[in-house]
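Engineer: Okay, predicted coordinates and the sequence, questions at the end:
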Amino acid sequence: QLQVVESGGGLVQPGGNLRLSCAARGFTFYHFGIGWFRQAPGKEREIVSCISSTDGGIHYAASVKGRFTLSAVNELNTVFLQMNNLKVEDTAVYYCAAGNRGSCSSLDSEYDYWGQGTQVTVSS
């Protein structure tokens, strides 16, 4: 069974850091496009960052550029999202998704496997 499992969420003060992990179970990340999405209460799900398996290109949403870093460790079959200088507006459920077309896309439809989500709360 193919699964994507996120971990690493939690409560942090503004300005703090968190690292989210996205582990693949039953398949190899290397051949998949990986996306990190988030959904805040009352808002639509939005792309945070993604990486393409075809050329390794990484995209960041404007709201997180310079603060978040996506990295893939093939030996661990895991993708990480390092989130620095967190803001209250980063509060959301964060989802990892994998797409077998390999693209880095902001579209939900490009992803085939979704994790259960991990809550990130930024509050003082």
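Structural biologist: Arrived safely. Residues are numbered from 1 along each chain as shown.

Engineer: residue contacts, the most centrally placed residue in the chain?
Structural biologist: The centroid of the chain falls nearest to W36 when counting by C-alpha atoms, centre = their mean (2.4 Å). W36 makes contacts with 20, 22, 47-50, 70, 79, 81, 94-97, as judged by C-beta atoms under 8 Å, 6 or more residues apart in numbering. C-beta here means a position set from N, CA and C on the backbone, and glycine is covered the same way.

Engineer: Can you give me the buried ones in stretch 23-36?
Structural biologist: 23-24, 27, 29, 32-36 (16 or more other C-beta atoms under 10 Å).

Engineer: nearest to I58, of the residues you listed?
Structural biologist: I34 (9.7 Å; C-beta to C-beta).

Engineer: on that earlier part again, which element is encountered next along the chain beyond the host helix or strand of the residue nearest to the centre of the chain?
Structural biologist: Assigned by DSSP states H and E, W36 falls within strand 33-39. As assigned by DSSP H and E, the chain's next helix or strand after strand 33-39 is strand 46-51.

Engineer: okay, the angle between that following strand and strand 33-39?
Structural biologist: 160 degrees (axes from the mean of the first three to the mean of the last three C-alpha atoms, to 10 degrees).
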